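Engineer: Build me a model:
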Amino acid sequence: MKNLSNKVVVITGAGSGIGRALAVNLAGKGARLALSDVNETGLDETAALAKDAGAPDVQTARLDVADRDAFAAYAAAVADHFGQVNVVVNNAGVALAGDVVDLSYDDMEWIVGINFWGVVHGTKEFLPHLIASGEGHVVNLSSLFGLLAMPGQSAYNATKFAVRGFTEALREEMLIAGHNVGVTSVHPGGIKTAIARNARVSDKEDKAATAKLFDEKLAKMTPERAAEIIVKGIVKNQARVLVGLDAHALHNFQKFTGSRYEDVVALVSKKVLPAKAV
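Structural biologist: The predicted structure is shown next:
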């Protein structure tokens with residue numbers, strides 16, 4: 001897909017962060033946009049920015065990506081409105097911090113519903129439309145934490161590793177079937193978004209300290225720069241897109257050290273992670 005002008009692009013989690021930056025970036029390239037989020041205020045702000053950036057058509061809808069029936073109805077409405085769908089960016093995601101022993105089942109089910117099932121719903125509901133378009137692309141947001149594991153992020157890691165495996169298998173299936181549908185797994189490192197501030201944490205975590213660590217020490221790249229890298233990956237039909245120097249560095253570290261990286265990460269984390277709240 002060398003030209004995104006007039007292509008119909010669906011973006012979940014478009015109310016802020018990377019989703020908003022992608023919407024504005026693609027609007028500047030003349031894409032028609034279907035934007036969704038649970039935050040309607042943020043979604044309206046993104047829509048206004050996208051229209052100002054040049055999007056010829058912007059449709060918005062409040063959507064909980066974990067709700068399968070709602071997602072099915074949304075996909076049908078988007079296809080009916082635009083007449084086709086070319087790109088789906090399953091971007092909506094949340095975070096959950098806490099050791100396995102301290103996490104509640106409710107919180108774990110919450111993050112799996114959004115981070116994994118939201119991606120599955122978005123892929124399955126739109127895939128027939130992407131195939132029918134003759135020029136489609138699926139973009140699923142995994143994470144740097146979908147390439148290597150981190151303590152206190154077990155549930156988040158689980159969802160992002162799952163997204164990676166799901167997406168890579170989907171790409172293989174599209175190649176075998178001969179469908180003209182590209183598939184890209186995106187792995188951002190620390191991006192300046194509100195994901196840590198909006199995260200859930202276990203009762204043993206200091207949420208303020210965890211968010212401060214992310215915002216001040218780990219989040220180095222702007223969402224706008226991340227969007228540029230992701231869009232370039234779509235155009236080049238890259239199977240995997242690493243976003244940020246941290247993503248590249250830690251990915252290479254994990255490749256070269258194998259499972260031994262876990263011991264190194266555990267040692268460093270003892271010195272870096274905030275103390276428990278309780």
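
Engineer: Please enumerate the strands of the stretch 51-200 of the chain.
Structural biologist: Assigned by DSSP state E, counting those that start in this stretch, the stretch 51-200 of the chain shows strands spanning 58-62, 87-90, 96-97, 136-141, 181-188, 200-201.

Engineer: Kindly state the pLDDT recorded for the closest residue to residue 79 other than its chain neighbours?
Structural biologist: Residue nearest to residue 79 in three dimensions, not counting chain neighbours: residue 129, with 5.1 Å by C-beta to C-beta, 6 or more residues apart in numbering. Quick note: C-beta positions are derived from backbone N, CA and C, even for glycine. Among the per-residue scores, residue 129 holds a pLDDT of 98.

Engineer: before we move on, what about residue 188?
Structural biologist: Predicted confidence (pLDDT) at residue 188: the value is 97.

Engineer: do residue 278 as well
Structural biologist: At residue 278, pLDDT is 64.

Engineer: How about residue 272?
Structural biologist: 89.

Engineer: which one's the longest helix in this protein?
Structural biologist: helix 154-177 (DSSP state H).

Engineer: Now do the buried residues in stretch 65-74.
Structural biologist: For stretch 65-74, the neighbour count (16 or more other C-beta atoms under 10 Å) marks 65-68, 70-71, 74 as buried.

Engineer: What is the most widely separated pair among those residues?
Structural biologist: 66 and 74 (12.4 Å; C-beta to C-beta).

Engineer: picking up where we left off before, residue 9 is nearest to which of the strands of the stretch 51-200 of the chain?
Structural biologist: Comparing the strands of the stretch 51-200 of the chain by C-beta to C-beta, strand 87-90 comes nearest, at 4.3 Å.

Engineer: Relative to the whole chain's centre, how far out is that closest one?
Structural biologist: Distance of strand 87-90 from its chain centroid, counting by C-alpha atoms, centre = their mean, to the nearest Å, is 10 Å.

Engineer: Give me the packing partners of it, helices and strands only.
Structural biologist: When contacts are defined as 3 or more C-beta pairs under 8 Å, 6 or more residues apart in numbering; DSSP states H and E, strand 87-90 packs onto strand 8-11, helix 118-133, strand 136-141.

Engineer: For that strand, which outside residues touch it?
Structural biologist: Contacts with strand 87-90, where a contact means C-beta atoms under 8 Å, 6 or more residues apart in numbering, come from 1, 4, 7-12, 19, 22, 31, 65, 118-119, 122-123, 126, 130, 136-141, 230, 234.

Engineer: just the CA coordinates of that strand, formatted as PDB?
Structural biologist: The C-alpha coordinates for strand 87-90 follow below in PDB (Å, rounded to 0.1, in the frame of the first residue of the first chain):
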ATOM      1  CA  VAL A  87      -6.500  -0.500   7.000                       C
ATOM      2  CA  VAL A  88      -7.300  -1.500  10.600                       C
ATOM      3  CA  VAL A  89      -5.100  -0.300  13.400                       C
ATOM      4  CA  ASN A  90      -5.900  -2.200  16.600                       C
END
